[in-house]
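K.L.:
I'll drop the sequence and a predicted model, then ask my questions.
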Amino acid sequence: MMAADQTVAGVPPSLSAKVVGSFAYLTVRDRLPTILTKVIDTIHRNKNKFFEEYGEDGIQAEKQTISLLSKLRNELQTDKPVLALTDGLPDTESWNQYLNRQQRLQGDQESVSWFKSAWLYVECYMYRRIQEALLLNPPISDYDVFNEGKTQSFFESQQAVMALCTYLEGVNKNIDELSKNQLFEHFNKLLQVSLWGNKCDLSISAGQENSQKTSPLDSLSSLQPFILVDDSNMVWSTLISAQKPGESGKTTADRVDIVLDNAGFELITDLIFADFLVSSGLARQIHFHGKSFPWFVSDVTANDFQWTIRQTMATNHKWMSKSGFQWQTYLKEGVWCYHDHPFWTQPHEFCDMAADAPDLYATLQGADLVLFKGDLNYRKLTGDREWDHTVAFHTALRGFGPAPLCSLRTLKANVQVGLQLGQGEKLTSQDPSWMTSGKYAVIQFNSKSE
Ligand SMILES: O=P(O)(O)OC[C@@]1(O)O[C@H](CO)[C@@H](O)[C@@H]1O
Ligand SMILES: [Mn+2]
């Protein structure tokens with residue numbers, strides 16, 4: 001299989017910081033160094049904690065890690081060549097092979113560097129280098145440098161979480177009496193709540209808090225016009241047509257996979273949607289896919305997933321606590337499962353998955369529907385390339401299609417396909433930052449690629 005990074009006829013170039021003034025350029029020049037500086041500050045602020053826990057070793061590790069991260073920041077800011085990884089993790093080889101692919105792609109006349117290579121690659125690479133800096137300095141290797149921002153997003157969104165759990169209780173209380181139309185209405189509402197939960201992402205804000213203050217249910221109708229592609233009906237009919245008689249006599253789809261994005265409020269919206277999919281009988285099982293180490297500031301790790309459910313259980317809000325205990329039961333019973341395959345924290349475009357992570361591709365083929373949350377997943381679905389806006393989503397997927405899939409994404413990067421003729425131009429004239437402000441969103445579906 002041709003690796004996606006080979007220039008293939010008809011496939012546009014990758015977004016890159018080499019385009020001066022582009023969003024990729026501004027991200028690599030401004031936002032990534034800001035994120036790195038916040039990481040260095042966070043580690044420095046926790047110096048005493050490391051000393052209390054690990055004594056002198058903790059101090060030494062703190063100092064070493066900061067010096068590695070400062071070196072990384074200098075490489076980034078002075079456009080030095082991207083370096084091979086040296087931490088000997090299971091995926092180190094795969095990362096270094098990918099670096100070679102990038103070098104072949106660029107030819108020998110110039111090195112693979114931050115402002116010349118694919119934006120997707122160098123941005124993912126930065127987060128893997130942060131992980132390397134920690135891994136090379138036990139005993140602080142398992143310290144999550146983004147933890148404070150993720151927990152803050154959860155705590156600052158409590159009003160919204162309580163409102164959502166109260167709504168879910170109202171739906172679940174008499175779920176068996178609801179008509180199909182009523183179920184469809186709740187499905188749409190909770191799908192859109194999960195969609196807009198994606199606005200709360202800390203890497204776009206370079207770590208500035210952006211939690212959800214009010215109940216998102218109240219703003220759905222005012223947000224509707226900002227959904228540029230709405231394939232909700234296709235999602236619904238995929239679930240309905242996947243219905244099979246289950247042991248309980250109820251007909252349900254077998255399995256929905258949710259490729260998670262951000263922790264904090266967005267994760268709660270995903271858990272609430274997953275709860276509804278099971279309680280309504282639309283799905284029998286939910287498989288969640290998170291990240292195997294801290295990624296893009298706010299992405300979900302196993303620790304975030306477990307912590308969020310424990311926090312929800314521990315609250316003194318009746319319906320929130322009830323939800324938390326229900327979610328813990330789903331996990332215990334295997335109705336919900338959590339995975340974190342290394343592929344999700346590698347730089348690959350998803351059209352590479354079948355070749356580079358056949359085990360994960362096979363796992364996803366077992367789903368009746370795969371939901372991809374967020375902007376980075378959309379960038380990887382479409383290869384983060386300079387597609388015209390009217391190119392079909394199916395075309396941009398370039399053969400990736402383990403199962404029927406749907407992207408639930410707020411736009412935070414300048415790649416968007418599947419629009420109507422003239423729709424992109426109209427948006428640019430009305431609102432020039434429409435592709436990167438997070439104000440607009442898509443619910444974009446693709447049936448299984450044959
Ligand atoms: O995947 P998410 O959390 O919705 O967004 C990821 C993101 O914040 O990071 C990159 C910018 O640095 C963009 O892909 C996008 O803006
Ligand atoms: Mn994210």
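P.N.:
Yes, it's here. Numbering: from 1, shown residues only. Ligands and ions are numbered 1, 2, ... in the order given.
K.L.:
give me the number of residues near Arg129?
P.N.:
Residues near Arg129, counting by other Cβ atoms under 10 Å, number 21. Bear in mind the C-beta positions are built from the backbone N, C-alpha and C, glycine included.
K.L.:
Next: the one 5 residues further on.
P.N.:
For Leu134, the tally of surrounding residues (other Cβ under 10 Å) stands at 23.
K.L.:
do you know how far Phe146 is from ligand 1?
P.N.:
Applying Cβ to the nearest ligand atom, to the nearest Å, the value for Phe146 to ligand 1 is 12 Å.
K.L.:
if I pick that residue, what's in contact with it?
P.N.:
Contacts here follow Cβ atoms under 8 Å, 6 or more residues apart in numbering; on that basis Phe146 touches 39, 202, 294, 297-298.
K.L.:
ok, now with 6 Å
P.N.:
If a contact means Cβ atoms under 6 Å, 6 or more residues apart in numbering, then Phe146 has 294, 297 as its contacts.
K.L.:
ok, so what distance separates it from Leu32?
P.N.:
14 Å (Cβ to Cβ, to the nearest Å).
K.L.:
next one: Ile175
P.N.:
45 Å.
K.L.:
Tell me which of the two has more neighbours.
P.N.:
Neighbours per residue (other Cβ under 10 Å) separate Ile175 from Leu32, with Leu32 holding more: 24 against 15.
K.L.:
From the chain's centroid, how far away is the helix or strand the more buried one falls within?
P.N.:
Leu32 is part of helix 32-45 when elements are defined by DSSP states H and E. The chain centroid and the centroid of helix 32-45 are separated by 21 Å under Cα atoms, centre = their mean, to the nearest Å.
K.L.:
Please name every helix or strand in contact with it.
P.N.:
Helix 32-45 is packed against helix 56-77, with contacts defined by 3 or more Cβ pairs under 6 Å, 6 or more residues apart in numbering; DSSP states H and E.
K.L.:
contacting residues around Glu52?
P.N.:
Contacts of Glu52 (Cβ under 6 Å, 6+ apart): none.
K.L.:
what secondary structure does it sit in?
P.N.:
Put simply, Glu52 is helix when judged by DSSP: H, G, I helix; E, B strand; the rest coil.
K.L.:
Could you check how far it is from Tyr143?
P.N.:
Going from Glu52 to Tyr143 by Cβ to Cβ gives 13 Å.
K.L.:
cool, Leu89 as well?
P.N.:
For Leu89, the distance to Tyr143 (Cβ to Cβ) stands at 16 Å.
K.L.:
so how far is the first residue of stretch 361-378 from its last?
P.N.:
End-to-end span of stretch 361-378 (Cα to Cα, to the nearest Å): 17 Å.
K.L.:
could you give the mean pLDDT of the helix holding Leu32?
P.N.:
Mean pLDDT, helix 32-45: 98.
K.L.:
tilt between that helix and helix 56-77?
P.N.:
170 degrees (axes from the mean of the first three to the mean of the last three Cα atoms, to 10 degrees).
K.L.:
ok and the residue in the stretch 1-150 of the chain nearest ligand 1?
P.N.:
Using Cβ to the nearest ligand atom, the single residue of the stretch 1-150 of the chain nearest to ligand 1 is Thr27, 4.8 Å away.
K.L.:
What number of residues are in the vicinity of that residue?
P.N.:
Thr27, neighbours per other Cβ under 10 Å, totals 23.
K.L.:
What of Gln158?
P.N.:
Using other Cβ under 10 Å, Gln158 has 18 neighbouring residues.
K.L.:
mind checking the backbone torsions on it?
P.N.:
Phi and psi for Gln158, reported as degrees, to the nearest 10, are phi -60, psi -40.
K.L.:
ok, now which ones touch the residue most central in space within the chain?
P.N.:
Nearest to the geometric centre of the chain sits Asp261, at 2.6 Å (Cα atoms, centre = their mean). For Asp261, the contact set (Cβ under 6 Å, 6+ apart) comprises 373-374.
K.L.:
and it, how far is that from Glu425?
P.N.:
Taking Cβ to Cβ, one finds Asp261 at 29 Å from Glu425.
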